[in-house]
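1. heads up, no residue letters with this:
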């Protein structure tokens, strides 16, 4: 285990591919200290890519985010050609890294950007701040889910295991077919409104009350994402999870602890 800011050439010798997922990983944490966020998420990421290319690493796969698209019209699914409109330090750091690392790509140094949808699911380092994991947590501990907005915002969702599958599929695909490319990571059909996520959690977990208060109005952070490109151009990516199965998995994990 090593701080991403301390990686040196020796750490990267004889490495074929770097799958870069390190960083401050959510918006509230990123906003606490924007300079630190840029230092870790952007400067250290760029430096890692530079070092990787220098020592002869052949592939650099960056864990990016659909949050780069920012606030969007929820009726239109965004593909990889959509304009960047980041609204948080976290999202800005992803945009800046993609732009700079893109310029490093070459015939001998393949760079690929995996723009993950909002993650969920059981993992060794479980995040309870993510919307699905969080709603299941409230349902289990209190028997109640209260949505303070009107519940209409859209979120694209993807299981953590399927994110891992995207990295493996990228490595298993010819470099020339993924070099310089960005892929939204998820599945068409896995965009959900917050109210529908809450409703599904309520259906899975016994005696759970779901309340949409609407007292805070509509959340402006609403976007749907198009995942056609990863389906068509990265056929080795075979996602396994749907939202309801993931909710059941999380619920079983919580109550078994």
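-> Structure's in. What do you need? Model, not experiment: these values are computed from the prediction.
2. in the chain, which helix or strand is least confident?
-> helix 27-32 (a mean of 82; mean pLDDT, DSSP states H and E).
3. show residues contacting the helix or strand following that one.
-> Sequence-wise, the next helix or strand downstream of helix 27-32 (DSSP states H and E) is helix 34-37. Here helix 34-37 makes contact (CB atoms under 8 Å, 6 or more residues apart in numbering) with 24, 29-31, 89-90, 93. No exception for glycine: its C-beta is placed from N, CA and C like everyone else's.
4. quick one: buried residues of the least confident helix or strand of the chain?
-> 27, 30 (16 or more other CB atoms under 10 Å).
5. cool, stretch 145-157 as well?
-> 145, 147, 149-157.
6. please apply the same query to stretch 184-192.
-> 184-187, 190-192.
7. quick one: pLDDT of the residue of the chain positioned farthest from its centre?
-> No residue in the chain sits farther from the centre than residue 207, which is 30.9 Å out by CA atoms, centre = their mean. On the pLDDT scale, residue 207 is placed at 92.
8. quick one: secondary structure of it?
-> Of the three states, residue 207 takes coil under DSSP: H, G, I helix; E, B strand; the rest coil.
9. which non-adjacent residue is nearest it?
-> residue 143 (5.7 Å; CB to CB, 6 or more residues apart in numbering).
10. list the contacts of that neighbour.
-> Applying CB under 8 Å, 6+ apart, the residues near residue 143 are 207-209.
11. now the buried residues of stretch 145-157 as a markdown table including distance to residue 129?
-> Output for these, formatted as a markdown table (distance: CB to CB, whole Å):
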| residue | distance to residue 129 |
| --- | --- |
| 145 | 15 |
| 147 | 16 |
| 149 | 17 |
| 150 | 21 |
| 151 | 19 |
| 152 | 21 |
| 153 | 16 |
| 154 | 19 |
| 155 | 13 |
| 156 | 17 |
| 157 | 14 |
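12. tell me the two of those that are most distant?
-> The span of the buried residues of stretch 145-157, defined through CB to CB, is set by 145 and 156 at 20.3 Å.
13. who's in contact with the closest residue to residue 194 other than its chain neighbours?
-> Spatial nearest neighbour of residue 194, excluding adjacent residues (CB to CB, 6+ apart): residue 151 at 4.8 Å. Contacts for residue 151 (CB under 8 Å, 6+ apart) come out as 193-196, 198, 212, 214.
14. what about 6 Å?
-> Neighbouring residues of residue 151 by CB atoms under 6 Å, 6 or more residues apart in numbering: 194-195, 212.
15. chain center to the least confident helix or strand of the chain: distance?
-> 16 Å (CA atoms, centre = their mean, to the nearest Å).
16. kindly report the same for stretch 96-103.
-> 17 Å.
17. stretch 234-249 too?
-> Distance of stretch 234-249 from its chain centroid, counting by CA atoms, centre = their mean, is 14 Å.
18. any idea how far residue 182 is from the residue nearest to residue 194?
-> 30 Å (CB to CB, to the nearest Å).
19. what of residue 34?
-> Counting by CB to CB, the gap from residue 34 to residue 182 is 24 Å.
20. between the two, which one's more packed in?
-> Each of residue 34 and residue 182 has its neighbours counted (other CB atoms under 10 Å); residue 182 has more, 21 against 14.
21. for that one, pull up the helix or strand it's in.
-> Residue 182 belongs to strand 181-185, assigned by DSSP H and E.
22. name every strand pairing with that strand and say which way it goes.
-> Counting by DSSP bridges, the strands paired with strand 181-185 are strand 110-116 (parallel).
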